[in-house]
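Undergrad: output the structure for:
(2 chains)
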Amino acid sequence: MKIAVLIKQVPDTETKIRIKADSSGTEADGIKYIISPYDEYAVEEALKTKEKAGAGEVVVVSLGPARCVEAIRTALAMGADRGIHIDDGGIPMDPFVTAKVLANALKNENPSIIFTGRQAIDDDAAQVPQMVAEFLNLPQVMIAEKFELNAAKNGATVYRRVGGGAKEVYDVAFPALVGAEKGLNTPRYASLPGIMKAKTKPMAALKASDLVGEAKPKTVNTNYRLPPERKAGKVLQGEPEQVVKELVKLLREEAKVI
Amino acid sequence: MGNILVIGEHQDGKVKKVTQELVTKAAELAGQIGGEVDVVLVGHGLQNPAELGSFGAKKVYVVDTPKLEKYNTEGCVKVISDLAQEAKPSVILGTASPLGKDLLPRLAARLNAGLAADCTDLKIDGGKLVATRPIYSGKAFVDVKFEGDLQIASARPNSFVAKAAGAGASAEVVQKNIDPGELRAVMKEIVKGKSDKADLTEAAVIVSGGRAMKAAENFKILNELADVIGATVGASRAAVDSGYAAHDMQVGQTGKVVNPNLYIACGISGAIQHLAGMRTSKVIVAINKDPEAPIFTKADYGIVGDLFQVVPLLTQEFKKVLTE
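TA: From the prediction side, this is the model:
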């Protein structure tokens, strides 16, 4: 069974975001990069599924600048078999173009399952996976927190988290795309032998410009800015009974939220 | 002239509040581009769609089919894209709910259009839509502009206020018979959650607990407060990773990004990832023993104290004043 995983390299969650002086984007220097956390669940689920299927390969695909190779190597060290790095080459990208490039790269691979995170934690767009599924004409199940391969290994039962603690349970036949949510699994760490082995695993280098076709960005981001800084408000002083009374009064009369 | 098509959502056939919010906002935007607001509702057994008229909708397209009684991505994309190709709106708006987040990107791809997802504000500039959205879970904001004629955006719940401007006005209901086509991922069932509370992403009031909750059973005191003030209970990543709370309760950069009117943070120190997930809350209350906790620098109201003492007192006080 061939399983593809789409991963994105993003700034670590602890990163303090700085905006370029001309508001055209965010500053990129001095940032520590990681695999987007939801994509790590995708890698883990791909490895587990391959183990359950008993045979196959896990191919990790990432689109971005040269540094993304590190993210792919990390996934290879976790146990993936092969990497594909698609260099963006600085061409104008938005989720639509990104999805086109990834879909075109995957067309040649023709995997049974595509795992990816439910969203990347940098642009938070949460739309590339669904667009990839559309461009490849595959069924999708997003925000998956449980994935069970069926006995015939030609489909799965997937639990998708929706509002208020409810879950939708889907039966999906392969090929299909699944978007991973937190809770799906606990990603394994890359072992030292795994890290050593990863260095010799195959890594293909593709160019986005060769895969983009006629696709052009449909959206443009402008006016990057920091949110208005929240200021510290009132800290209420006194005996707990008194302070609580005052807080309830303020929430009702001043803030008018209860 | 361009019309706005709103993708309506319903639960058990009843139109959801988020859709009323969105129709209200769409009516304001449509006024600026000289168009009308239409709504599409897909499902089975839909009740009172005409009532959306009071929020400013002109027409409500109803696609009632037993095949889509349960939500289905492919079926809904097919139905709504077929309808959009016929109705030719210049803007399509949906909610950034679990349904909208699933549906709209695929719909945009099908319609060869761009999507601005999970927006907190929408405006018209020079006859075109400009959508404001948080990135890095709200650590920064960006404006999205569109290339091309069709502009699609999804809005975060609670971003707009639903106003029944034309009380009693009813929309024209247009029944549409559109085939949902082949469905390959099929929903077998919905497993209901334990609570009947609003999802965190839609909740107007949230009470959240952090590492200082010390144990899962201590969330009981937050549940009691939540019951009194109609809140949904959330948790910090520290509380979730310590096993005190379920994954779907996590607020923050790798959990849910929330947008309530009131957020009460109990025993949460305020890590950058947590602040990112709740910073658009309109009013923040922090209860924490540590006066130096970063959460106090963002909170509108703070109480330095032991949550195990303060929270039950707060519950009592609310119970008292709310029953008066």
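
Undergrad: phi, psi for the closest residue in space to B:Asn72 that isn't next to it in sequence please.
TA: Of all residues not flanking B:Asn72 in the chain, B:Leu183 sits nearest, at 5.2 Å (Cβ to Cβ, 6 or more residues apart in numbering or on different chains). Every C-beta, even on glycine, is put in place using the N, C-alpha and C of the backbone. When quoted as degrees, to the nearest 10, the phi and psi of B:Leu183 stand at phi -110, psi 120.

Undergrad: show me what contacts B:Leu183?
TA: Residues near B:Leu183 by Cβ atoms under 8 Å, 6 or more residues apart in numbering or on different chains: B:67, B:72, B:74-75.

Undergrad: could you pull out the helices for the chain?
TA: Looking at chain A here, since you left the chain open. Along chain A, the stretches classed as helices by DSSP state H are A:37-53, A:68-78, A:95-107, A:128-135, A:192-198, A:208-211, A:240-249.

Undergrad: oops, I was thinking of chain B
TA: B:17-33, B:73-87, B:98-110, B:219-229, B:237-241, B:272-278, B:307-323.

Undergrad: which residue does the stretch 151-258 of chain A have closest to chain B?
TA: In the stretch 151-258 of chain A, the residue that lies nearest chain B is A:Gly165 (2.1 Å; Cβ to the nearest Cβ).

Undergrad: do you know the pLDDT at the closest residue to chain A within chain B?
TA: In chain B, the residue that lies nearest chain A is B:Gly193 (2.1 Å; Cβ to the nearest Cβ). pLDDT, B:Gly193: 77.

Undergrad: again with A:Lys231
TA: Looking at A:Lys231, its pLDDT stands at 88.

Undergrad: how much space separates it from B:Asp300?
TA: 9 Å (Cβ to Cβ, to the nearest Å).

Undergrad: try B:Pro312
TA: Counting by Cβ to Cβ, the gap from B:Pro312 to B:Asp300 is 22 Å.

Undergrad: ok so, going back, could the helices of chain A go into CSV alongside mean neighbour count?
TA: Converted to CSV, those look like this (neighbours: other Cβ atoms under 10 Å in any protein chain shown):
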stretch, mean neighbour count
helix A:37-53, 22
helix A:68-78, 22
helix A:95-107, 23
helix A:128-135, 27
helix A:192-198, 13
helix A:208-211, 17
helix A:240-249, 18
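
Undergrad: what would those helices look like in a markdown table with distance to A:Met142?
TA: Formatted as a markdown table, the helices of chain A follow (distance: least, Cβ to Cβ, whole Å):
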| stretch | distance to A:Met142 |
| --- | --- |
| helix A:37-53 | 11 |
| helix A:68-78 | 21 |
| helix A:95-107 | 14 |
| helix A:128-135 | 7 |
| helix A:192-198 | 29 |
| helix A:208-211 | 23 |
| helix A:240-249 | 40 |
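
Undergrad: want to throw these into CSV with mean pLDDT and distance to A:Ala120?
TA: CSV is the format used below for those (pLDDT from 0 to 100; distance: least, Cβ to Cβ, whole Å):
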stretch, mean pLDDT, distance to A:Ala120
helix A:37-53, 98, 7
helix A:68-78, 98, 11
helix A:95-107, 98, 10
helix A:128-135, 98, 8
helix A:192-198, 96, 22
helix A:208-211, 98, 17
helix A:240-249, 96, 38
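
Undergrad: tell me what the longest strand belonging to chain A is packed against?
TA: Longest strand in chain A by number of residues (criterion: DSSP state E): strand A:140-149. Packing contacts for strand A:140-149, counted by 3 or more Cβ pairs under 8 Å, 6 or more residues apart in numbering or on different chains; DSSP states H and E, involve helix A:37-53, helix A:128-135, strand A:155-161, strand A:167-173, strand A:176-180, helix B:98-110.

Undergrad: parallel or antiparallel, list what pairs with it.
TA: With DSSP bridges as the test, strand A:140-149 is paired with strand A:155-161 (antiparallel), strand A:176-180 (parallel).

Undergrad: deepest of those strands, which one?
TA: Neighbour counts (mean count of other Cβ atoms under 10 Å in any protein chain shown) averaged over each of the strands paired with strand A:140-149 peak at strand A:176-180, with a mean of 28.

Undergrad: so what touches it?
TA: For strand A:176-180, the surrounding residues in contact (Cβ under 8 Å, 6+ apart) are A:38-39, A:41-42, A:45, A:113-119, A:129-130, A:132-133, A:136, A:138-144, A:147, A:155-156, A:158, A:172, B:184-185.

Undergrad: quick one, which of B:Pro312 and B:Asp300 is more surrounded?
TA: Per other Cβ atoms under 10 Å in any protein chain shown, whichever of B:Pro312 and B:Asp300 has more neighbours is B:Asp300, with 22 against 15.

Undergrad: surely that one meets A:Leu236?
TA: No: B:Asp300 lies out of contact with A:Leu236 (Cβ atoms under 8 Å); the separation is 11.1 Å.

Undergrad: wait, A:Gly213 touches A:Asn104, no?
TA: Yes: with contact defined as Cβ under 8 Å, A:Gly213 reaches A:Asn104; the gap is 6.7 Å.

Undergrad: follow-up on the earlier one: what is the neighbour count of the residue of the stretch 151-258 of chain A closest to chain B?
TA: By other Cβ under 10 Å, the residues close to A:Gly165 number 19.

Undergrad: quick check: it touching B:Ala198?
TA: No: assessed by Cβ under 8 Å, A:Gly165 is found out of contact with B:Ala198, at 10.6 Å.

Undergrad: can you give me the end-to-end distance of stretch A:28-44?
TA: From its first residue to its last, stretch A:28-44 covers 28 Å (Cα to Cα, to the nearest Å).

Undergrad: quick one: residues in contact with that stretch.
TA: A:5-15, A:58, A:60, A:67, A:70-71, A:74-75, A:78, A:80, A:115-122, A:178-182, A:184-188, B:254.

Undergrad: one more time with 6 Å, if that's ok
TA: For stretch A:28-44, contacts defined as Cβ atoms under 6 Å, 6 or more residues apart in numbering or on different chains pick out A:5, A:7-12, A:15, A:71, A:74-75, A:78, A:115-118, A:120-121, A:180, A:184-185, A:187, B:254.

Undergrad: likewise stretch B:66-78?
TA: Counting by Cβ under 6 Å, 6+ apart, A:140, B:42-44, B:99, B:102-103, B:106-107, B:110, B:180-181, B:183, B:187 sit against stretch B:66-78.

Undergrad: and for stretch A:55-64?
TA: By Cβ under 6 Å, 6+ apart, the residues outside stretch A:55-64 that reach it are A:1-7, A:9, A:46, A:50, A:68, A:71-72, A:75, A:80-86, A:88, A:101-102.
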